[in-house]
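Visitor: Provided below for reference: sequence and predicted model.
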Amino acid sequence: MARSKITQAKLADILDVTPTTMSFKLSGRSSLSLRECVEIKRKAFPDKTLDYLFATDESSE
């Protein structure tokens, strides 16, 4: 987000949620739906893949 100069407030606007809700989603206190992930990718990061944008450090089994 920092490299692209995208703020949490901008993402909140994209998803039409409050900045607090967006903060909860980004911190993991609330979950992002697939629709929200696709909307973020489409409007804020069109040149990135969903895998790249939403990769986690957790290893999947």
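Guide: Nice, thanks for sending it over. Note that the coordinates shown come from a computational prediction; the quantities given were computed from them, not determined experimentally.
Visitor: please tell me how far Thr56 sits from Ile40.
Guide: Per CB to CB, to the nearest Å, Thr56 is found 15 Å from Ile40. Every C-beta, even on glycine, is put in place using the N, C-alpha and C of the backbone.
Visitor: higher neighbour count, these two?
Guide: More crowded of Thr56 and Ile40, by other CB atoms under 10 Å: Ile40, with 23 against 7.
Visitor: before we move on, what SS does that one have?
Guide: helix (DSSP: H, G, I helix; E, B strand; the rest coil).
Visitor: correct me, but it touches Leu53?
Guide: Yes: Ile40 is within contact range of Leu53, at 7.1 Å (criterion: CB atoms under 8 Å).
Visitor: where does this protein dip in pLDDT?
Guide: 58-61 (pLDDT under 70).
Visitor: ranges for the strands of it?
Guide: Applying DSSP state E to the chain gives no strands.
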